[in-house]
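1. Structure for the following, please:
(chains A and B)
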Amino acid sequence: GAVVSQHPSWVICKSGTSVKIECRSLDFQATTMFWYRQFPKQSLMLMATSNEGSKATYEQGVEKDKFLINHASLTLSTLTVTSAHPEDSSFYICSASLRGGYTFGSGTRLTVV
Amino acid sequence: DAKTTQPTSMDCAEGRAANLPCNHSTISGNEYVYWYRQIHSQGPQYIIHGLKNNETNEMASLIITEDRKSSTLILPHATLRDTAVYYCICTDGGSQGNLIFGKGTKLSVKP
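-> Sure thing, here's the model as predicted:
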C-alpha cells in the first residue's frame, strides 16, 4: 500500500533555532500533502495544506512565516519550524491523499528547550 | 464535512469484540465514513471506510445504518495491541480535501 515516510521521528532543539521535518511519499506521487500538529492529550489539528509547485495554504491562526512549507517535488514536502520556542514543542504529522484514501507519516516529536 | 460524535472512552476485554459507535447525523450523500486509529505517539493508521454498505476487511467490520446517520466499528477479537484512540471521520474523500479529526474514542483493551 501507499507509504509516507517522515523523519526525523524525534528531535530536540534549542530555542531560536530552526528545525526541518521531511515527508516523502515512497511509492506514489503526492500533489497534495497535509501537515498536522498534535499537543498532548489532544486531537490532530490541521496546520496547512502543501501543494506541489505552489504556495501552501495555511489554516487560520497558523503563522506562515514561522512554519515554512516547501513542496518542490511530487514525492517530498518539508515543514521548517523557524525560530522555535518551547511552545512549538508538539507532535507533527504529515499526510497524503491517494485515490480518496489518506496515508499518514509516523510523526515527529519536536521538543524545544 | 459532517460532525461526528463518539464516546470519550471504552473498555473491552481481551479476546472479546469491541464495538465502537459513531454518530454522524448531518452526513451528506457523497460523504464516506472513515475510521482511523492512533496508537500512542504514532501517526494515524487507516482501518476501514464505507459509503452506505457494510464493509469488512482483515482488521475490522464497519456497520452503517440504513439512514447513514450512525455507524459502528467492530474489532471482532480485540487484543492488547488494539488499545488506541479511534477516530470516526466523515468526508467526501476528494483528493484535495483533508481529514478533520474530532476527539475520538480511547479504547482500552484489558487482559
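2. Helix, strand, or coil at B:R81?
-> At B:R81, secondary structure determined by DSSP: H, G, I helix; E, B strand; the rest coil is helix.
3. For the residue minimising distance to the centre of chain A, what are phi and psi?
-> Of all residues in chain A, the one closest to the mean position by Cα atoms, centre = their mean is A:W35, 4.0 Å from it. With angles defined as degrees, to the nearest 10, A:W35 sits at phi -110, psi 130.
4. so B:V109 makes contact with B:G15?
-> No - the pair B:V109 / B:G15 is not scored as a contact, 9.1 Å apart, by Cβ atoms under 8 Å. C-beta: built from backbone N, CA, C; applies to glycine.
5. Need the overlap of contacts for these two.
-> B:A78, B:T79 (Cβ atoms under 8 Å, 6 or more residues apart in numbering or on different chains).
6. need the longest strand for chain A.
-> strand A:90-98 (DSSP state E).
7. any bit of it sitting next to chain B?
-> Yes - applying Cβ under 8 Å from any Cβ of the partner chain, one finds strand A:90-98 touching chain B at A:F91, A:I93, A:S95, A:S97, A:L98.
8. what about the third one, how many residues close to it?
-> If you count neighbours by other Cβ atoms under 10 Å in any protein chain shown, A:S95 ends up with 26.
9. Report the contact partners of it.
-> With Cβ under 8 Å, 6+ apart, A:S95 has these contacts: A:4, A:33-36, A:102-105, B:43-44, B:98-99.
10. Turn the residues you listed into a markdown table, columns for secondary structure.
-> Below are the contacts of A:S95 laid out as a markdown table (three-state DSSP):
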| residue | secondary structure |
| --- | --- |
| A:V4 | strand |
| A:M33 | strand |
| A:F34 | strand |
| A:W35 | strand |
| A:Y36 | strand |
| A:Y102 | strand |
| A:T103 | strand |
| A:F104 | strand |
| A:G105 | coil |
| B:G43 | coil |
| B:P44 | coil |
| B:N98 | coil |
| B:L99 | coil |
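11. could I get those as a markdown table with pLDDT and distance to B:L80?
-> Shown next, in a markdown table, are the contacts of A:S95 (pLDDT from 0 to 100; distance: Cβ to Cβ, whole Å):
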| residue | pLDDT | distance to B:L80 |
| --- | --- | --- |
| A:V4 | 94 | 27 |
| A:M33 | 92 | 33 |
| A:F34 | 94 | 31 |
| A:W35 | 96 | 31 |
| A:Y36 | 96 | 27 |
| A:Y102 | 87 | 26 |
| A:T103 | 91 | 25 |
| A:F104 | 95 | 22 |
| A:G105 | 96 | 25 |
| B:G43 | 95 | 20 |
| B:P44 | 95 | 19 |
| B:N98 | 77 | 32 |
| B:L99 | 85 | 27 |
